[in-house]
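1. give me coordinates for this.
(chains A, B, C and D)
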Amino acid sequence: MFGTLIHSFHNWFFGRQIPAGSKGRKNQWFREPVRFGAVLVLGLCSCADKEGYPDDLPYPQRVDLIVEEAPKLSPNNPSPPGGLEKSIANLGLVGGKILDPVKLPEATQTEITKLLAEQFGTPAQPRVGDGKTNLPELGKKLKLDSQTLAQGSVAYRRNCLHCHGLSGDGKGSSGLWVHPPPRDFRQGRFKFISTNPAKNLNRPRREDILRTIRMGLHGTSMPAFGILPTEELEALASYVIHLGIRGEVEFTIEKTLLKPQSQVLNLFENYLPDEEVSKDQETLAFFVPKFLQEIVRQYHTAESQVLVPPEYPFKDSELSDSIRRGFRLFSSQAPDALGCVSCHIDYGRQSPWQYDEWGSLNRPSNLTAGIYKGGRRPLDLFWRIKRGIPPSKMPAATLTGEDEGKKTWDLVNFIEALPFPATLPEEVRNAVYGSTGRIAKPN
Amino acid sequence: MNHDSHPAPGNFLTKYVFSGDHKIIGIQFLFSGLLFWILGGLLALGVRLQLGWPNQALNELLKWFPSLADSIPASWGSRISPEFYTMLFTMHATVMIFFVVVPWLGGAFGNYLIPLMIGAKDMAFPKLNMLSYWVLWPAFFFLLASFFVDGGAAGSGWTAYPTLSSATQNADIPDPGLDAAAKATTPTNPPSPTSMEPGLWERIKNRWNSPAAGQSGQGQVYWLLALIFSGTSSMMGSVNYITTILNCRAPGMTLMRMPLTVWGMFVTAILQSLALPVLTVALIMQFLDRTVGTVFFLPPAGLAFGNWQTGTGGGQPLLWQHLFWFYSHPAVYIMILPAMGMVSDVLVAFCRKPLFGYKPMVFSMIGIAGLGFIVWGHHMFQSGMDPRLGTGFMAATVLIAVPSAVKIFNWLATIWGSRIRFTSASLNALAFISMFIIGGLSGIYMASTPVDIYIHDTYFIVAHIHYVLFLSSMFGIYAGIHFWFPKMFGRTMNDSLGKVHFFLTFLLANGTFFPMHILGIRGHPRRYYDPTIFDWLASVQPLNQFVSICAILLGLVQVIFLANFLFSIFFGPKSGRNPWEANTLEWETPSPPGHGNFETTPIVLHGPYEYAVTTAINGRFSQTGLNRDQIQQGNHP
Amino acid sequence: MHRFWSLLFAAVNMACLALLVVAYAYPGLGWWLPDSASTQANEIDSLFYLITGLCAFFFVATQGILIYSLWRFPSTAPGSPSPIHGHPGLEIGWTIAPLVGLLVITAASLPVWKEARYQGFPPPALEGTNPLPPEADQVILVTARQWDWHLKYATESLPAEGIRQWASVGNPSDLIIANELHVWKGAKVSLLLRTTDVIHSFFVPALRLKQDTLPGKTIPMRFEATVSNVRFDPAEGRVVPNETKASWEIACAELCGGNHFRMRGKLFVHPDRKSYDAWLDHSRRQTRSRSLTAMLPNASSSNQKEGALQ
Amino acid sequence: MNALADYPSPTLEVPTFPSAKLAMWLFLATEVMLFSGLLAGCYVLKAGATGGNPNLWPTREQTHIQPWLGTLNTILLVVSSLCLSFALNALKSGNIKGTMGGFGLGFVLGSAFLGIKAWEYRDKFHHGLIPGSIAEAINNNQTHDSKRMQMLSSGQRVWLDLQRGQLEKYVHDHPNQQGPDMVAAKAFLASLRDGKKANGDYIRPLSPVEAAQEANRILEKYPDLPVYPALPNGNLWASFYFTLTGIHATHLFAGLILIAICLIRAISGGLPPENLDFAENTALYWHFVDLVWLFLFPLIYLI
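-> The predicted model follows:
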């Protein structure tokens, strides 16, 4: 029966030129595309456009190099696009320290992966904590419940994935090409934070992360997502924190264990000094949930530790005096000067490239351009000055004395006015933009 | 070129590979085009896969094809990455335009048909002809190699607008780590002055590796190289065609007795030889910008990407658009005029009625070509050029619609009162006319500058260009292949299968491309990776999905054509000299014609379209005046 | 069999036409032109319909002739074709007929184009020392970059050096927001478009406004919104959408890199200047505030407002 | 010549224009389009950049253009064209020695042209005239609308590095010199460095724009100092110069190969009559290249 069918098809296809029957089985080829087509149509029709990661996709294990210590040098040029990894691999040659997580014993790697999967789930079902340990109330306050996280993971995949990468490594397909490189969340470090430095807390508040997402980072390729719905923004912030915590746990363990002669006990000593551990508890399985709790606690503490600026002390008429004082603080001449200008060379116009904690190159902002990555509000500038940008080596201003608050506002006023030559007092303008004949007129 | 310098080929290599025979070269173009057609089609399917289901997990979408799904890097999160997507549509357009339609129409049909149709033994310059094919191979190499370089193939659109495509980061970027290492190990202070100055080659090398964005990487350089080579090929071809048509016609073959196919090729060759060099200049300029560091397309103040700056420039990005469209608008006609000619010939052969208005058809072709040089600005109404220029270009653009309309009406008048034989070839030709009406009418929207403000760079443009290039040029090519296949391979393609293919393609191609008009009217911008992030486009996502399904099926249906084509070469029924009983000279040669084409030099006595002649035997005059029996038997006077 | 083919041609062409008609007739589908909210939009739409009408006529006529011919003249039909080679009268006729139609379209297009683009072009306002471009109620500098729009609103009078100086340097009090275009109904808005990196295209479908930004150039644009979609609620301190809930978006229409599709913005048309001023004032206070407490209470109540914080 | 050759009928049209020549003319038509595209592009860019203001274009002194070299090159090319005409005439009259001489001299003159061109290139590189890394002299009339360009850009960084390197070498190589030019060189060098003085005070280094102005000021006084000038629209000028002359030189090189082939054929037993086409086409091509140079010469050397 089947043979006859093929036979007749054969005749139909080839006309009467070829004797019937002899090559029947060879026509199987024609059924393949038909099957292919049928399968494809069925497959396509069966799936609507469902958002989100596939369920069976795990977080990838970290295999890229860990920058333990960035070099102190300031090279001439930024790393070429797509060349960041190669550049990091060379850091050892120039005084940096790098570690290769692949060199960990295989068993340890497997164990870390397993533990991380237990605590943090998968991209499709992210969570913080395995659900059994006592995170619930803290997690809830930080909106780290699995429902928000799942929503965040969908939004992240849609909006952030192609730059920040699946595990938040900053190596998404678009991320390779932009300067500065997208943030690698996996060290749990964030640049623009507003917490009080007194507590030595290097954690961002949720509001800091939200600000970055909402307004983007002007001067980088991070767009502003302010027009997304509020719930989506909140979910994104949660998911970013989730990625940060997950990456940090992994990063910390690997960084510690990769050092020569180090063992799990060092982890407890370094990161959980208050924890009493017995010999049989010196395992990663014991460490990971504890450490996770510690991190979440820190995030939670940070929420209430906003650095409140002192009340603005000046009247409008005092503005130019304030700018003058700010200028002196910024420069290196005055006795109490901060010397900002030694990094922001030529007020940032000739800033040198410097390595940041992630091993990528950045340079101090060009303050004459009026582009501030961490936000342009006076408050943002205040926080930048008082808080610094620790991961990229910008120190917090060491202002002391009673009029510390005033001095900070002086600096803020100066920096705010810097891009607008017309608003600068004359001597300041001459110092920054040169005497009249040498001004590079912006138009 | 004397025929003696071009002896009959001896061995396999000279016969089929490095052949000077126009027929072999034509078939070489045909097969190369076929391979790239498959590649370009697959790239398009990738685009549609993304647009139909932009958020779907790919491994679910491709669950029936696990190996394909596995080839997507896990770090992309089971999604096509935006950079990959830009690469897909850029390479789809590049491949389809420069490596499929142009080589098929100009290279394959032009080479194969011109000497046969004008009664020449070969092209005027067989070796130049051979070279014009083999110069394409470096282009093939660069095009294919670009998929494997760092950052993937070109991704700045087939229009490759600077500064996206051309901006480079730095004149001398050594790897910072190594650079610093070199400094650290040689702590000579001051550094030796000579080492500060990078060599020219080093600068080129560094710039080559330092794109400003994922879209201007090495792939872009390869793209430029590929286009420069393919342009050289086309230039050689056009010079050869013009010379052949002017100098090698058979006795009696006056210009006004040439079949329209030859006229199409002739006008195309003139267009190409005058317009292509301008594109070549633009390509060279961009290539130098991209590698040496010239600043033709870099604005005076330079650019700021993220937190770094390019050097100062001095050029204008808009210049590229002028130079590019000065070629690429005529290129549209380069990609349709030969098809128009071929369709006229096919149509007349199956209508059994003289072509209505031969001279108006010829003059409208010339008119299209002439006007084609002064309308490029209609691609740039929104580009920021002086709007008064826009007005001028609008006027010229409006005029160019008239000759196209004249052609349509003449075809319709040809069909009117004829006796049409419905074969795969004639159906495809008829579809060409029907679809060219839609493509032509949708072009009027863009000519009107205010409407173009809204329509520009939306899917309306995509619909328009596909109606002209796929539903017109490709149907013309299908018609041509079905029609001249017997001449090329001595066998006929299966007509039933051809009709099945036509039926499905006609339906699915309209299903794919017509809804794009709606997308465009809605304002769906083209080259979007994920339109669903916009509220106002949510309502057309079902249409996008419908388009994608049609497109995928359309791709599959082409397998029928491919199978029919390949198997008919070997197993199709043998055809005689003139299976369609057509009049033009090529049908008086054996199928396939031997070396030197004609047994004796034909003497042309008639125009190409003497059908429905009541006084003639068989009701027609072939161009030499021979009747059917004589041609069938090869008995020439 | 020939009937089948002529029917196929008829079916496909009618299906195409039907799709257009359905898309037009059922606005609820959202398959037709989006809301039109500017003077220019209405004119462009009329022109669009004019062209569509003419095209529809030619489409039906030509396709009709084609399909009828396929139906009527197959090879099986009796009789034989007549050997007509042409007809000069017909040729002249069908050269002139489309020409007339096209000239009508051109004539209708010219004033709209002039209105849309000639105003302020070449830009005298940019060269001179005029504080404001003539007849503009509002000046907004749009700076495109990979990958968002930065909009700078002049909040006080422009500097004496002219608008170009303002575009380059500006005032410290200018409001800079990403991706939000605020105007009010009836305002003559003057946009200055520029880019810091590659070519982008500022596309506002509801305004039928589209203009590429060219590196190194500042391109002026004008529009006047005729419909409002939001109002500013001072009590809530945020922008409230109208009942119609029209959400009008801004897109990028020229490929600008991998995240081209990501350049999404929103258009907010306030009902009157009062509402706009209230919003501007509010946003400025938010932006310029030097006290945390002045901002904190509303810090997370609405993203609309928060978006204006920068 | 073609399919018509063996057809006897004299009543039908027979082309009289040889195919090879027709093709060469067509090829030259494409070349005309190539160069007109290039020249038109360059004119447009120059007009856009300078707005007709000659102060916004580098002077001959700044670019080290030597018109006499260009004139010499022009003469070389014109004479070589004459040589080729002579060779053709000789070929037609069967004078093989004359042919060889004509082609030989043409070849030598063409090569001399390329040699001078190469020397000029070397000279330009030596003066730091490399597209993409020339500092622009900012003129107040020039539009610099991106504020961010006040920041050190990559091109400027290269230029400053080159300045520093050159000056350091100069200071290092002339340890005993005390003249005012050395003082100026040292002062300029110091003002290029980011200035931390020994006592910790900070002195602002010259901004790139200021450095460019300073470089030009020093060069006016001390033209012998190894300082690279800042040129108005210098990068655009360099792009033109190298692209126009480079593409022309490439064509010239191809022409030289053609002449060499003619020469070799002439030497190895004379050019047979059927190769007259080849020689004629070579000459045609060479005249064209010559003609292009006549357009380039005033554009580059005189204007």
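2. correct me if wrong, but C:Gln140 is in a strand.
-> Heads up, residue C:140 is Ile, not Gln. Yes. Secondary structure of C:Ile140 (DSSP: H, G, I helix; E, B strand; the rest coil): part of a strand.
3. doesn't C:His150 make contact with it?
-> No. Using Cβ atoms under 8 Å, C:Ile140 is not in contact with C:His150; the gap is 10.5 Å. (Glycine included, C-beta is placed from N, CA and C.)
4. can I see the domain layout of the chain?
-> Answering for chain A, as no chain was given. With domains defined by automatic domain parsing, chain A comprises A:2-46, A:105-303, A:316-438.
5. right idea, wrong chain: chain D
-> According to automatic domain parsing, the domains of chain D span D:19-132+D:233-302, D:154-221.
6. would you map the strands across chain C?
-> C:138-145, C:148-153, C:175-178, C:180-184, C:188-195, C:200-204, C:209-213, C:219-224, C:230-233, C:238-241, C:248-252, C:265-270 (DSSP state E).
7. now the angle from the first one to strand C:180-184?
-> Direction vectors for strand C:138-145 and strand C:180-184, defined by axes from the mean of the first three to the mean of the last three Cα atoms, to 10 degrees, enclose an angle of 170 degrees.
8. which other helices and strands contact strand C:138-145?
-> Applying 3 or more Cβ pairs under 8 Å, 6 or more residues apart in numbering or on different chains; DSSP states H and E, one finds that strand C:138-145 contacts strand C:148-153, helix C:163-168, strand C:180-184, strand C:188-195, strand C:200-204.
9. the first one vs strand C:209-213, what angle?
-> Strand C:148-153 and strand C:209-213 meet at an angle of 100 degrees, taking the same axes, to 10 degrees as the criterion.
10. and B:Met385, what helix or strand is that in?
-> Secondary structure assigned from DSSP states H and E places B:Met385 in neither a helix nor a strand.
11. in chain C, where is pLDDT below threshold?
-> C:119-135, C:156-162, C:293-310 (pLDDT under 70).
12. which residues of it lie near chain D?
-> Residues of chain C that fall close to chain D, judged by Cβ under 8 Å from any Cβ of the partner chain: C:164, C:167-169, C:194, C:196, C:216, C:218.
13. picking that back up, tell me which of the helices and strands packed on strand C:138-145 sits nearest to C:Phe268.
-> Proximity to C:Phe268 (Cβ to Cβ) singles out strand C:180-184 among the helices and strands packed on strand C:138-145, at 4.7 Å.
14. direction included, what does the closest one pair up with?
-> Its sheet considered, strand C:180-184 pairs with strand C:265-270 (parallel) by DSSP bridges.
15. so what's the gap between the partner strand and the chain middle?
-> 13 Å (Cα atoms, centre = their mean, to the nearest Å).
16. not counting it itself, show me its contacts.
-> By Cβ atoms under 8 Å, 6 or more residues apart in numbering or on different chains, the surrounding residues in contact with strand C:265-270 are A:227, C:37, C:148-149, C:178-185, C:204, C:206-207, C:225, C:227-232, C:239, C:247-251, C:276, C:279.
17. buried stuff in it?
-> C:265-270 (16 or more other Cβ atoms under 10 Å in any protein chain shown).
18. is there proximity between stretch C:198-211 and chain A?
-> No. Judged by Cβ under 8 Å from any Cβ, stretch C:198-211 stays clear of chain A, getting no closer than 12.0 Å.
19. does chain B sit close to that stretch?
-> Yes. Counting by Cβ under 8 Å from any Cβ, chain B has neighbours in stretch C:198-211: C:198-199, C:201, C:203, C:205, C:208-211.
20. what residues does the stretch 101-250 of chain C have near chain A?
-> C:146-148, C:150, C:159, C:161, C:164-165, C:168-172, C:176-180.
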